[in-house]
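Colleague: Build me a structure from this.
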Amino acid sequence: MPLPGEEEYETAYRLGRLLGKNDLNVCTGGYAGIMEAVSKGAVEEGMKAIGITVDLFRSTPNRFITKEIKCDTLLERIDRLIAAGDAYIVLRGGTGTLVELAMVWEYLNKGLMTQKPIAVHGSLWQNIIGEMEKRISFEKRKTGLIKTFNEIEECADFIVRQLQN
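Modeller: Presented below is the predicted three-dimensional model:
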């Protein structure tokens with residue numbers, strides 16, 4: 001779990017600040033590490049930080065959360081995270097982050113939700129997205145639903161522009 005001063009934490013913190021400066025609230029899973037950093041950045045810019053939590057983890061929500069939404073199950077939490085978003089930004093993460101991204105991507109690809117912008121940051125996701133796009137193209141489904149970025153500023157700028165249109 002990234003800590004203050006570490007690259008992943010500081011990148012997430014910058015993202016929160018960039019979104020906050022553009023009058024955007026943030027919504028995360030509500031716990032430590034990257035989720036805390038994004039929340040901290042947004043709150044420091046005067047915006048809200050919603051945390052969607054689940055007791056399963058037996059963790060304490062981070063202190064920057066301005067509103068907590070408690071869920072009973074992991075699937076309920078993922079559904080609430082997806083429903084809460086007007087756009088999605090995916091930073092480094094593990095299998096939980098992968099599941100969340102895959103569900104949003106599948107909902108969009110199957111027309112189960114309205115089109116919303118999705119941005120991913122970093123080479124981990126670029127590799128995964130690239131491989132999946134090949135398969136999706138082969139299946140003749142819609143490609144290009146997810147934009148990849150190397151710089152967090154570009155990622156935030158894309159989302160801000162999409163939401164302003």
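Colleague: Quick check: residue 42 touching residue 50?
Modeller: No. In this structure, residue 42 is not within contact of residue 50 by CB atoms under 8 Å, at 9.6 Å. To be clear about C-beta, it is placed using only N, CA and C from the backbone, and glycine gets the same treatment.
Colleague: what's the overlap in contacts for those two?
Modeller: 25, 26 (CB atoms under 8 Å, 6 or more residues apart in numbering).
Colleague: Look at these two and report which has more neighbours.
Modeller: Remark: of residue 42 and residue 50, residue 42 carries more neighbours, 28 against 19, as counted by other CB atoms under 10 Å.
Colleague: Nearest residue to residue 141 in space, please, no chain neighbours.
Modeller: Leaving aside its chain neighbours, residue 141 sits nearest to residue 109 (5.4 Å; criterion: CB to CB, 6 or more residues apart in numbering).
Colleague: Distance check, that neighbour against residue 142.
Modeller: Separation of residue 109 from residue 142 (CB to CB, to the nearest Å): 6 Å.
Colleague: Identify the contacts common to the two.
Modeller: By CB under 8 Å, 6+ apart, the residues touching both residue 109 and residue 142 are residue 136.
Colleague: Tell me how many other residues crowd residue 85.
Modeller: Using other CB under 10 Å, residue 85 has 17 neighbouring residues.
Colleague: how many other residues sit next to residue 67?
Modeller: Residue 67 has 12 nearby residues by other CB under 10 Å.
Colleague: dump the residue contacts of residue 76.
Modeller: residue 54.
Colleague: hey, what's the residue nearest to residue 73 when sequence neighbours are not counted bridged with?
Modeller: Spatially, and ignoring its direct neighbours in sequence, residue 73 is nearest to residue 54 (6.7 Å; CB to CB, 6+ apart). Bridge pairing for residue 54 (DSSP bridges) gives the partners residue 71.
Colleague: Could you verify my assumption that residue 54 touches residue 74?
Modeller: Yes. Here residue 54 lies in contact with residue 74, judged by CB under 8 Å, at a distance of 5.7 Å.
Colleague: Of these two, give the one with the bigger neighbour count.
Modeller: residue 54 (21 against 13).
Colleague: quick one: the more buried one from residue 80, how far?
Modeller: Separation of residue 54 from residue 80 (CB to CB) stands at 9 Å.
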